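**Q** after the sequence you'll find the predicted model.
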Amino acid sequence: MNHAYFMQQCIDLATKGRGYVGSNPLVGSILVRDGRIIAEGVYMGKGTPHAERQLLEQLNVKTSRRDVSPEDILYVNLEPCCHHGDTPPCIDIIIRSGIKTVVVGMKDPDVRVSGNGIQALRDTGIRVVGPVMPELCRRLNKGFVSLRERGRPYITLKRAQTAQGVTANTDGTKLCITSDEQNTWSHTHLRTTHDAILVGVQTVITDNPLLTIRNTKYEILNSTHQPWRIVLDPDLRIPTDARVVGERCVVIRGSKNTQDSHESKERILKQKGAYIISVPAVNNHFDWDVLWESLSTFPFQLSTLLVEGGEKTWNAFKSAGFVDEEVILVN
Ligand SMILES: NC(=O)c1ccc[n+]([C@@H]2O[C@H](COP(=O)([O-])OP(=O)(O)OC[C@H]3O[C@@H](n4cnc5c(N)ncnc54)[C@H](OP(=O)(O)O)[C@@H]3O)[C@@H](O)[C@H]2O)c1
């Protein structure tokens, strides 16, 4: 059996949950009989059944004609869970279904599972193959893995620079660097694959960016949630009429003191739909732990973050060691 081929199908299926699963993992599951896929399930976010449960419930309950046979092979890109969360443990329904072989893509980094799901299946005599493609499966869920293993989102830095390495004008005016083709690429491959885009306040003042997904195909645009738009702004310097201010905008400001002079500005920003989060700063740098804690909770639940600049912001992330990937567009 070509496990890599079928696991890739699970991965492709899992991506349908992008934009819906929040800080939970993307998971796809398929059932293979005689080399053909006969059923599939996708996890679509909090409150919905996990992929393998959805697949098995659909078969057992709705289509008795295609009930599970012991020769069927269940594929799933993440180890089935063995704990009670929002839904019951998936291993229970797998064991009840009579399936004899399960192929998993990667071990679940969640400490409540972490190999226990695989072991529990093996303990009942089920053959568990894998993890068969751990690198690709971890890559698919890089944000979920990062949150569980490091307590912070997976972070990508993106910068545009001229052939001479210039990223900004020195006189404070806007410098357009990237071509239309590069913009389409970064909207399609970077903005759509991250939960949030982050910039420093000076970039908002100089460039007045929208920080939305626009330059991409209609189908992608329609199947993707707009990312959160985060501005690091200790002294609330953001203009209230900046284009970024509105739905899904989050302004991170310094903790308030007793003589806070920004109350009316904050009110206007909130009226326009922005969230304001106060985070303590030490030497003008936000406390990272508090920042990650705030951004991992509802309604933000970030697991992936795209840092678009400018220089001071990139440097803050670099010197703190918070860079997992860096993309440089040269034009
Ligand atoms: N080529 C590109 O890809 C690209 C991308 C984006 C921007 N840019 C250009 O870059 C220029 C702006 O860059 P810049 O370096 O001057 O400013 P910036 O990075 O846009 O903003 C810096 C400011 O953001 C706040 N900030 C950033 N990180 C922080 C942290 N960890 N903790 C607390 N506050 C933090 C601070 O605000 P306070 O000053 O209020 O303390 C800081 O001075 C613009 O000209 C823009 O056009 C280029």
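**A** Yep, that arrived. Residues are numbered from 1 along each chain as shown.
**Q** domain assignment for this structure?
**A** As assigned by automatic domain parsing, the chain contains the domains 3-146, 153-330.
**Q** what separates the shortest one from the chain centre, distance-wise?
**A** Spelled out, it's domain 3-146. 19 Å (Cα atoms, centre = their mean, to the nearest Å).
**Q** what's the end-to-end length of it?
**A** Using Cα to Cα, to the nearest Å, the end-to-end distance of domain 3-146 comes out at 26 Å.
**Q** kindly report the same for stretch 249-260.
**A** For stretch 249-260, the end-to-end distance is 22 Å (Cα to Cα).
**Q** buried ones in that stretch?
**A** Buried residues in stretch 249-260, defined by neighbour count with 16 or more other Cβ atoms under 10 Å: 249-254. In short, each C-beta sits where N, CA and C put it, glycine included.
**Q** with pLDDT and secondary structure as new columns, can these be given to me in a markdown table?
**A** Converted to a markdown table, the buried residues of stretch 249-260 look like this (pLDDT from 0 to 100; DSSP: H, G, I helix; E, B strand; the rest coil):
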| residue | pLDDT | secondary structure |
| --- | --- | --- |
| 249 | 98 | strand |
| 250 | 98 | strand |
| 251 | 98 | strand |
| 252 | 97 | strand |
| 253 | 95 | strand |
| 254 | 92 | strand |
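**Q** stretch 141-156 near the ligand at all?
**A** No. Stretch 141-156 is not in contact with the ligand by Cβ under 6 Å from any ligand atom; minimum separation 12.3 Å.
**Q** residue 160 - that's part of a helix, no?
**A** No. Counting by DSSP: H, G, I helix; E, B strand; the rest coil, one finds residue 160 to be strand, located in no helix.
**Q** show me what the nearest residue to residue 231 once chain neighbours are set aside is bridged to.
**A** The shortest distance from residue 231 to any non-neighbouring residue, by Cβ to Cβ, 6 or more residues apart in numbering, is to residue 251 (5.1 Å). Going by DSSP bridges, residue 251 is paired in beta bridges with residue 231, residue 276.
**Q** residues touching residue 301, list them.
**A** 22-23, 195 (Cβ atoms under 8 Å, 6 or more residues apart in numbering).
**Q** restricted to helices, list those.
**A** The helices, defined by DSSP state H, take in nothing from the contacts of residue 301.
**Q** out of those, grab the one that's most surrounded.
**A** residue 195 (23 neighbours; other Cβ atoms under 10 Å).
**Q** tell me the phi and psi of that residue?
**A** As for residue 195, its main-chain torsions (degrees, to the nearest 10) stand at phi -70, psi -30.
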